[in-house]
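S.K.: mind folding the following:
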Amino acid sequence: MEKINIEAAERSPKIICDWEKGEMLISGESYPENVTEFYGPVLASLEKFLRENKDKNFACTFELLYFNSSSAKVLMRIFDMFEEISNTNGHKIKVIWKVDEEDDNMRELGEEFAEDIENISFEIANK
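M.R.: Now for the predicted structure:
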């Protein structure tokens, strides 16, 4: 699979997917005009990679400064995908939620996401 490298724009985050390394990074602000159009190809590639590469370690790092409610739904879809696939394909998936030490709001959002996760590692770390 071809590596994904999307540069951050005014309303959308930087996304890097290095399938060979089993790593994904989403960083910056996320409130694109059309969330489905922006994230759709990334989610499709992510799901394809995870389904075709069983028993592979995968790490997804989030370094978000802000995201809107539509982006939050996409994040939940990603976490749900990780949960489902880790149950069926034996993946060891790790989420790293990086926050600025003083950003209590983003830390709390990470903690809320972590509460809903059962089968994958979810680590909240300072930048």
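
S.K.: now the helices for the protein?
M.R.: Taking DSSP state H to define them, one finds helices in the chain at 35-52, 69-89, 104-115.

S.K.: what's the average pLDDT for the shortest one?
M.R.: So that's helix 104-115. Helix 104-115 comes out with an average pLDDT of 96.

S.K.: what lies in contact with that helix?
M.R.: Contacts to helix 104-115, defined as Cβ atoms under 8 Å, 6 or more residues apart in numbering, come from residues 62, 64-65, 72, 75-76, 79, 95, 97, 99-100, 122, 124. Where you see a C-beta, it was placed from the backbone N, CA and C, and this is true even at glycine.

S.K.: I'd like the helices of the chain written out as TSV, with distance to Trp19 and mean neighbour count added.
M.R.: Output for the helices of the chain, formatted as TSV (distance: least, Cβ to Cβ, whole Å; neighbours: other Cβ atoms under 10 Å):
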stretch	distance to Trp19	mean neighbour count
helix 35-52	5	16
helix 69-89	14	16
helix 104-115	23	15
